[in-house]
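1. only the shape, not the letters, is given here:
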């Protein structure tokens, strides 16, 4: 998968132009899901490692907030745990 010969067909958000990144289906796969993941890949390329972790935390926090609104008895920790479980199993 990571062999040099595969770099020609493997999609990536990086381009040969410095500072120009692809997003959407051009960066991953030609489909709705591919466009979604391609957007995340493009954002990750721009944000770097720490920014990507912050983006993931923001997504989980948003899911957890919705869960707490549906069930006010959930603590912050419980809602984050459920949000992480939902994220991984959906």
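-> Looks like it came in fine. From a predicted model like this one, the values you see are computed outputs, not experimental measurements.

2. residue 29 should be in a helix, yeah?
-> No - read with DSSP: H, G, I helix; E, B strand; the rest coil, residue 29 is coil and lies in no helix.

3. OK, contacts around it?
-> Residues in contact with residue 29 (C-beta atoms under 8 Å, 6 or more residues apart in numbering) are 11, 37, 38. All C-beta spots, glycine's among them, are computed from the backbone N, C-alpha and C.

4. any idea how many residues pack against the closest residue to residue 25 other than its chain neighbours?
-> Nearest residue to residue 25, sequence neighbours excluded (C-beta to C-beta, 6 or more residues apart in numbering): residue 35, at 4.3 Å. Neighbours of residue 35 under the rule other C-beta atoms under 10 Å: 17.

5. which other helices and strands contact the helix or strand containing residue 35?
-> In the assignment (DSSP states H and E), residue 35 maps to helix 32-70. If contacts are counted by 3 or more C-beta pairs under 8 Å, 6 or more residues apart in numbering; DSSP states H and E, helix 32-70 sits against helix 76-89.
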